[in-house]
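> generate a structure from the sequence data that follows.
(one chain, ligands or ions: 2)
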Amino acid sequence: MKGSMKAEAKDDDRYWVDVHREPNAVTTAADLESGGDGGRPLMFREKKVKPALLYLYRSLILTRLIAVILFIGWRIKHNNSDVMSPDLDALRQYCDLPDGGSILPAIDVFVTTADPIDEPVLYTMNYVLSILAVDYPIDRYARYLSDDSGTLIEYDALVETANFAALWAPFCRKHSIEPRAPESYFQREGMIYTGKSPSEFINDYRHVQLEYQQYKARLEMLTSTIRERSDFYNSIKTTEGAVKATWMANGTQWPGTWFEPIDNHRKGHHEGVVQVVLEHPNGSKAQHDSNVNPLNFDGIDARLPMLVYMARGKSPCYDHNKKAGNLNAQLRVSALLSNAPFVINFDCDHYINDSRALQAAMCFMLDSREGDNTAFVQFPQRFENVDPTDRYGNHNRVFFDGAMYALNGIQGPSYLGTGCMFHRLALYGIDPPRWRPNDIPVDSSKFGNSIPFLNTVLESLKQESRISPLNLDDSFIAKMMLVVSSSFDIGTDWGRGVGYIFEMATEDMVTGFHIHKQGWHSMYCTMDVDTFRGTAPINLTERLYQIVRWAGGSVEMFFSHNNPLLAGWRLHPMQRTVYLNYNIYPVTSLFLLLYALCPMMWLLPEEILIQRPFTTYVVFLIIIIALIHTIGIMEIKWVGTKWLDWWRNEQFFMIASLSAYPTTLLHIVVKLLTRGKGIRFRVTSKQTKVDDNEDKYAEMYEMRWVPMLIPAMVVLFSNTMAIGVAIGKAIVYGRVWPTTQRLHAMLGLLFNVWLMILLQPFALAVIGRWSKKPSILFILFPVAFVVFAWVYICVHVFVVNFFSSMEI
Ligand SMILES: O=c1ccn([C@@H]2O[C@H](COP(=O)(O)OP(=O)(O)O[C@H]3O[C@H](CO)[C@@H](O)[C@H](O)[C@H]3O)[C@@H](O)[C@H]2O)c(=O)[nH]1
Ligand SMILES: [Mn+2]
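Numbering: from 1, shown residues only. Ligands and ions are numbered 1, 2, ... in the order given. Next up is the predicted model:
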């Protein structure tokens, strides 16, 4: 023991040397008496690091500084190093066979919808059309629509769509139409023709447009058509007084929800439904029947891929786990019907804008570098109903183009919920080939109690690719009913380690996390045109609800066993940091909220209570803020987004920090304390109709007040008042204030104004329809300032005259 202490002391000497100081020479009694300190001994010893080491150390710091500067310089010059874009020609060369066939792998395409009213059928069907006409070998993909409402409207609409698609899909192929969602296509102007039959185009176009109008009209009539049909069958088939069923066109009762809801046929309580609308196309390409299609489709593949309608069974006894539950049911049904090795899922409010989308994703999946270990390929989300100035930051470009791209350089982007292609096996919770053990247990405790389904898992593990015609007999249908039953997940790993994970408000983040943590990679795929387009909530309140859900899901993850700190070593350290960042960023809002309430200082009679911003502090602050923004601007330049995108991002972070994020945190705290439920998945409301005459952005001008907006409102109001009072104070005391005080007042005001600029979109939302002309704020605010300044001066004069002892 002693020995080691000695050794330590010796070690010390290697680095430190004593600093010798001479004690003061003379000590006199007088000195001591007078309390002087002359001649008192030195009572602590000083040491310093040996000069040689110190210089070395300092030179290291300097070298590091130089290295950082050089690195930044290098990074600016080499700004394209991580951009990956699909090479479709290479894919074609690899996959196309000399006989015109192709070895492109099979894909199951999923679409989820929750309600025919909240999510207008026309848009969902447009989406379906864009997939039916996509540029991919027709016998190599299958289409599934999973309808969480279980209504006959969606099914009948799908049947109508299949009929119209028989015209639409070959028309798109013949004339190379883009986009292949008719609603968007017919609305676009000034398109350049790129097809091979220009002479027939005008004629074909007119015909298809007319047919589309009629198809649309039939969709709109669906509710009344089904009602009339049901009334008819009810009158002839059921007895007086019995519950009125809803009937399918073939004269059988619809197994899903009915117009007149009863147990077993109402929303949230009904049997599962699986209906194959279009069967798997057979081998021959010449399926075109000129009686149906008067257009000339010679040499065009007029077939359509398999199309399936499904609705999972629901019962009040079981949690149906929203979107993730819906997707899991699709995973199982598609396994039985087509079992493609790849699946891609979309929300019903997004359509394919570039028909090469599926091929583009395949470029990453089949690439010889990391293709086999790539679990999913995510596309950015793009929106088309957003106003040109993107008032509520819907485009989210900083996230979609900046952050996600950057992740490509680590383990890959996170899963964003829509427009994402997966390896089916990755979704089954199976390790990437790199780490895959030889025997993987495929049992019912994990995957559920369906032998045919377990067989499909084994099939997938053996890399057997299947989309082939099936014999849809009764026993097969019964097997499918089992995998869509409401209780199938119970006692299995579905939603916990198998399929889309449903323990959180946002299934996407946590599903991606589960996959990354097993060591899979992911890729981000952008193309020169938007690959997909969707609709975004353009109403502020809706937008904030969406943010609450996202932030909620992210924070919830932290307090669960999905905490990134607990993930195994296969999760890349940097990727772990990224997930941690997702988990905690909403917490920063608390500081912002406090900060944003500072302007209230102006309202206090004895001005400013907290430390005033002194000059050095302000200089540092400015340097740091300027650096943050300079770095930000560099990133924007690299990814090619606009200044406005970045600015909206800044503004929206502030607005959400004064509303959505604190609300989320409150929810989570309550949840943790009460062990209650987390944030619920509330379906984002969609645009219900676009009337040509009506304002396209009408939704945006509607203000829906909810408690979450209170803090933002308090900040906006108190800030406006504070600026008014500040002006009032300047008028009253301006002349007696010393220069420093004036300077401080100006700096303070700068802060107020900055806050106001950040809150501009919120202020626009508050004034509702007036905000059609955003510049009106330049009038409203000054007027408000003058009014508050005037009120302040009046109160001041009143107090001075009548209560002269008080000072405000
Ligand atoms: O019980 C439910 C609820 C929702 N959905 C579907 O989920 C999708 C997304 O719902 P939406 O209300 O449009 O949510 P958004 O806020 O637009 O979704 C964003 O955020 C989600 C995660 O919170 C992601 O899953 C989405 O892909 C992403 O676009 C839609 O297709 C819905 O039909 C269901 O199938 N069942
Ligand atoms: Mn959506």
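> contacts, neighbours, all on C-alpha from now
Will do.
> hmm, who's touching stretch 576-595?
Residues outside stretch 576-595 that contact it (CA atoms under 8 Å, 6 or more residues apart in numbering) are 513, 551, 554-558, 563-565, 654, 656-658, 661-662, 664-665.
> no no, stretch 480-500
The contact list for stretch 480-500 (CA under 8 Å, 6+ apart) reads 271-274, 311-315, 318, 320, 324-325, 327-329, 331-333, 336, 427-429, 444-450, 453, 501-503, 507-508, 511, 514.
> 7 Å instead?
The contact list for stretch 480-500, computed with CA atoms under 7 Å, 6 or more residues apart in numbering, reads 272, 312-315, 318, 324, 327-329, 332-333, 427-429, 445-448, 450, 501-502, 507, 511.
> among the residues you listed, name the ones in helices.
324, 327-329, 332-333, 427, 445-447, 507, 511 (DSSP state H).
> just the buried members of these?
Buried by 16 or more other CA atoms under 10 Å: 324, 327-329, 332-333, 427, 446-447, 507, 511, out of the ones in helices among the contacts of stretch 480-500.
> got those residues as TSV, with pLDDT and distance to ligand 1 columns?
Compiled in TSV, those are given as follows (pLDDT from 0 to 100; distance: CA to the nearest ligand atom, whole Å):
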residue	pLDDT	distance to ligand 1
324	95	7
327	97	7
328	96	10
329	96	10
332	96	15
333	95	15
427	96	15
446	93	23
447	95	21
507	91	6
511	96	10
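> show me which residues of the stretch 451-600 of the chain sit near ligand 1.
Residues of the stretch 451-600 of the chain lying close to ligand 1 (CA under 6 Å from any ligand atom) are 506, 508, 546, 549-550.
> next SSE after the least confident helix or strand in the chain by mean pLDDT?
Lowest on mean pLDDT, DSSP states H and E among the helices and strands of the chain sits helix 29-33, with a mean of 52. Next helix or strand after helix 29-33 toward the C-terminus (DSSP states H and E): strand 46-49.
> might you calculate how far that following strand sits from the centre of the chain?
Its chain's average C-alpha position is 56 Å from that of strand 46-49, according to CA atoms, centre = their mean, to the nearest Å.
> and for stretch 550-568?
16 Å.
> if you count neighbours, what's buried in that stretch?
Going by neighbour count (16+ other CA under 10 Å), the buried part of stretch 550-568 is 550-558, 562-564, 567.
> pLDDT added to these, as TSV?
Shown next, in TSV, are those (pLDDT from 0 to 100):
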residue	pLDDT
550	92
551	94
552	92
553	90
554	92
555	93
556	91
557	92
558	93
562	93
563	95
564	96
567	92
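> these in helices, which ones?
The helices, defined by DSSP H, take in 550-558 from the buried residues of stretch 550-568.
> need these in JSON lines with distance to residue 144, can you?
Formatted as JSON lines, those follow (distance: CA to CA, whole Å):
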{"residue": "550", "distance to residue 144": "26"}
{"residue": "551", "distance to residue 144": "30"}
{"residue": "552", "distance to residue 144": "30"}
{"residue": "553", "distance to residue 144": "27"}
{"residue": "554", "distance to residue 144": "29"}
{"residue": "555", "distance to residue 144": "32"}
{"residue": "556", "distance to residue 144": "31"}
{"residue": "557", "distance to residue 144": "30"}
{"residue": "558", "distance to residue 144": "34"}
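> out of the residues you listed, which comes closest to ligand 1?
Taking CA to the nearest ligand atom as the measure, ligand 1 sits nearest to residue 550 out of these, at 5.5 Å.
> would you confirm that the closest one contacts residue 507?
No: checked against CA atoms under 7 Å, the pair residue 550 and residue 507 is beyond contact range at 9.5 Å.
> just flag the most distant two among the ones in helices among the contacts of stretch 480-500.
Across these, the longest distance by CA to CA is 22.0 Å; it joins 445 and 507.
> residue numbers of the stretch 651-800 of the chain in contact with ligand 1?
So the stretch 651-800 of the chain meets ligand 1 at 683-684 (CA under 6 Å from any ligand atom).
> actually the stretch 301-450 of the chain, sorry about that
322-323, 326, 347-348, 416-418.
> alright, calling it a day.
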